[in-house]
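Asks: can't give you the sequence, but here's the structure:
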């Protein structure tokens, strides 16, 4: 009986730890997605500026 109680406590602790880790991974995933979106936005802005410069250069030539 005591072994069964210990086993249930261990399983409960593992379940709790797993849920905690799932939450942490979800938070990390959200942060990663945000950083990736920010990086993509910055790249888009940079390409837009480069294209504008090329357009101005073509008009001069």
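Replies: Noted; the coordinates are in hand. Bear in mind the structure is a predicted one, so any value in this text is a computation, not a measurement.
Asks: residue contacts, residue 10?
Replies: Residues in contact with residue 10 (Cβ atoms under 8 Å, 6 or more residues apart in numbering): none are found. Where C-beta positions appear, they are placed from N, C-alpha and C, glycine not excepted.
Asks: okay, and residue 37 sits in which element?
Replies: Assigned by DSSP states H and E, residue 37 belongs to helix 2-60.
Asks: for that helix, what is the distance to the chain centroid?
Replies: 0 Å (Cα atoms, centre = their mean, to the nearest Å).
Asks: what do you get for stretch 48-61?
Replies: Distance, centroid of stretch 48-61 to centroid of chain: 35 Å (Cα atoms, centre = their mean).
Asks: identify each buried residue in it, please.
Replies: Residues of stretch 48-61 include none that count as buried (16 or more other Cβ atoms under 10 Å).
Asks: avg pLDDT for the helix holding residue 37?
Replies: For helix 2-60, the mean per-residue pLDDT is 96.
Asks: tell me how far residue 54 lies from residue 30.
Replies: Counting by Cβ to Cβ, to the nearest Å, the gap from residue 54 to residue 30 is 36 Å.
Asks: my bad, should have said residue 42
Replies: For residue 42 relative to residue 30 (Cβ to Cβ), the value is 19 Å.
Asks: do the same with residue 50
Replies: 31 Å.
Asks: what is the neighbour count of residue 3?
Replies: Residues within reach of residue 3, counting by other Cβ atoms under 10 Å, total 7.
Asks: gap between it and residue 16?
Replies: 20 Å.
Asks: repeat for residue 43
Replies: 41 Å.
Asks: before I go, just wanted to say thanks for your time.
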